[in-house]
Structures are given as C-alpha cells and as structure tokens.
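Q: Mind folding the following:
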Amino acid sequence: MIRFNNRSPREASDRAGSVLLEILVAMTVFGIAATSLVSFVHESVRAVERTHEMERSLRDASAFMDKITLWSRADLDRHLGNRPSGAWRLTIQRPRPSLYEVTLFDSTGTRVLLHTVQFRAEEVARN
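A: Take a look at the predicted model:
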C-alpha cells in the first residue's frame, strides 16, 4: 500500500468526516445569519412604511386641525363633546367661558394626535 501523507486510510477517512462536519456547521451558521439579515431588512422596510403612513396621517390631521382653529365661537359651541369626525374622533371642551380645548384622537379614540387650546372672546351684549 502506498501512502502519500503518512496517514492510514482510517485516519484520512476520519479527517474527511470532520471536514464535512465543519462544512455543515459553517453552512448552518451562515444560513441562520442570512435568514436573520433578511428578516432584519424586511422589518426595517416595514418600519419605514409605517413611519410614512403615520406621517401622512398626522399631516392630514394637522390640516383638519388648521380648519378647526378658524371656527367661530358658535361653531365650537355646536361641536362641544366627543364625536367622530372623518377618520378621527374630535373632542371639544370649554373649561372656561372663553377657552376651548380641542383634541383630535385616532379613530379608536385612544391615541391623541393633536391637542390645542383656543381663545374666543365672549361676546359683549350691546344696548
């Protein structure tokens, strides 16, 4: 029998088996790392999409709140209370005769999107 590396066939077989095992372990680790990376990238893309959606929703809510700030005292009085208003829930309270608290919630009424306090002078009775 001719030996090129001074190893017996049994030793060469054991070495080949351990190399194969190391390759399988390395490929498994690589597969787990690649799967984790793909999952991370996917979640990052979803987070960016949710952020853009939230920004668009807040921009729309801000435009609606801008319109409410132009309402007269009579308009604010007509809308006192908590009610659905488009894609949101609008709450208008009057803690003092000349102050109105306006809060815009999400559609479920659980998350405050915008809140402001507006002053509307009391109308003076003229004789």
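
Q: Contacts only, for residue 120.
A: Applying C-beta atoms under 8 Å, 6 or more residues apart in numbering, we find residue 120 in contact with 72-73, 76, 98-100. Where you see a C-beta, it was placed from the backbone N, CA and C, and this is true even at glycine.

Q: how about the strands in this protein?
A: All strands of the chain, identified by DSSP state E, fall at 81-85, 88-96, 99-105, 112-119.

Q: Return the most buried member of the ones you listed.
A: Mean neighbour count (mean count of other C-beta atoms under 10 Å) peaks for strand 99-105 among the strands of the chain, with a mean of 18.

Q: Could you name the helices and strands sitting against that one?
A: On a contact count with 3 or more C-beta pairs under 8 Å, 6 or more residues apart in numbering; DSSP states H and E, strand 99-105 meets helix 9-68, strand 88-96, strand 112-119.

Q: what residues does that strand touch?
A: Against strand 99-105 from outside (C-beta under 8 Å, 6+ apart): 61, 64-65, 68-69, 76, 85, 88-95, 111-120.

Q: Mind doing that once more with 6 Å?
A: 61, 65, 68, 76, 88-94, 112-118 (C-beta atoms under 6 Å, 6 or more residues apart in numbering).

Q: mind checking which helix or strand of this protein has the lowest mean pLDDT?
A: Every helix and strand in the chain was compared by mean pLDDT, DSSP states H and E; the lowest is helix 9-68, with a mean of 89.

Q: what angle sits between that helix and strand 81-85?
A: Angle of helix 9-68 versus strand 81-85, following axes from the mean of the first three to the mean of the last three C-alpha atoms, to 10 degrees, is 110 degrees.

Q: want to throw the strands of the chain into a markdown table with mean pLDDT?
A: Below are the strands of the chain laid out as a markdown table (pLDDT from 0 to 100):
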| stretch | mean pLDDT |
| --- | --- |
| strand 81-85 | 92 |
| strand 88-96 | 94 |
| strand 99-105 | 95 |
| strand 112-119 | 94 |
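
Q: Of all those strands, which one is nearest residue 24?
A: Of all those, it is strand 112-119 that lies closest to residue 24, at 53.4 Å by C-beta to C-beta.
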